[in-house]
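S.K.: With the sequence up front, the predicted model follows.
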Amino acid sequence: LRLRVITESRAYRHPFYGRLRYALTIPSLIDLVSFLPFFLEVLIQGIDGPFLHRGSSRVLPNLEPLRALRIVRILKTRKASQAVKVLHGVLSHNSEVLLVALVLCGGLLLLQSTMLYYFRPPAGGSYDEGDFESIPAAMYSSVLMITTLQAPTGHYPWYTKVLISLNALTSVAMLAI
């Protein structure tokens, strides 16, 4: 509807180019992203719905997670847009510091996961052997330990316990960065 009546505004007076210029503005694109998933879902169900027979093995895609894109409407509010501008300013002003912190955290994570892989406990213990079977698996376990989502369980040898403790201590340092 806005696209239809936007030619009433002086800035968008031309019937075609005015509408095109308005359609490419940020508020218009935010509207498009917020309501397009609904119409996409209706369109797909409208096209495939009548042609599906009972007992058909064809499954329509589930587009309900795309409905979460409606939250982008928040960006149109004045306070949220000012907050996004402030966040952009802070991120651009501190980009070098944040990049160094990201590189340090990535390097530390790689070092920790490599050490956990090479000093993994011997097979046959009372722990999940999949936690340390490869460096990426050890990296996943290390990320879980860093974020305190999951601590390793089971009986580990002393050297693995030392590495896990160092992992916990360095995660506090990463958080401080």
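M.R.: Looks like it arrived, so ask away.

S.K.: for residue 109, what are its contacts?
M.R.: With contact set as CB atoms under 8 Å, 6 or more residues apart in numbering, residue 109 has these partners: 139, 142-143, 146. Quick note: C-beta positions are derived from backbone N, CA and C, even for glycine.

S.K.: and it, what element?
M.R.: Mapping residue 109 onto the secondary structure by DSSP states H and E places it in helix 95-118.

S.K.: Now do the buried residues in that helix.
M.R.: Neighbour counts over helix 95-118 (16 or more other CB atoms under 10 Å) mark 105, 108-109, 112-113, 115-117 as buried.

S.K.: any idea how far that helix is from the chain center?
M.R.: 19 Å (CA atoms, centre = their mean, to the nearest Å).

S.K.: And the very next helix or strand once past it, what does it pack against?
M.R.: Next helix or strand after helix 95-118 toward the C-terminus (DSSP H and E): helix 135-146. Packing partners of helix 135-146 (3 or more CB pairs under 8 Å, 6 or more residues apart in numbering; DSSP states H and E): helix 95-118, helix 158-176.

S.K.: between helix 135-146 and helix 95-118, how big is the angle?
M.R.: Counting by axes from the mean of the first three to the mean of the last three CA atoms, to 10 degrees, helix 135-146 lies at 110 degrees to helix 95-118.

S.K.: can you tell which of the helices and strands packed on helix 135-146 is closest to residue 65?
M.R.: helix 95-118 (28.1 Å; CB to CB).

S.K.: Tell me where the model's unsure across the chain.
M.R.: 45-63, 75, 78-79, 124-130, 148-154, 177 (pLDDT under 70).
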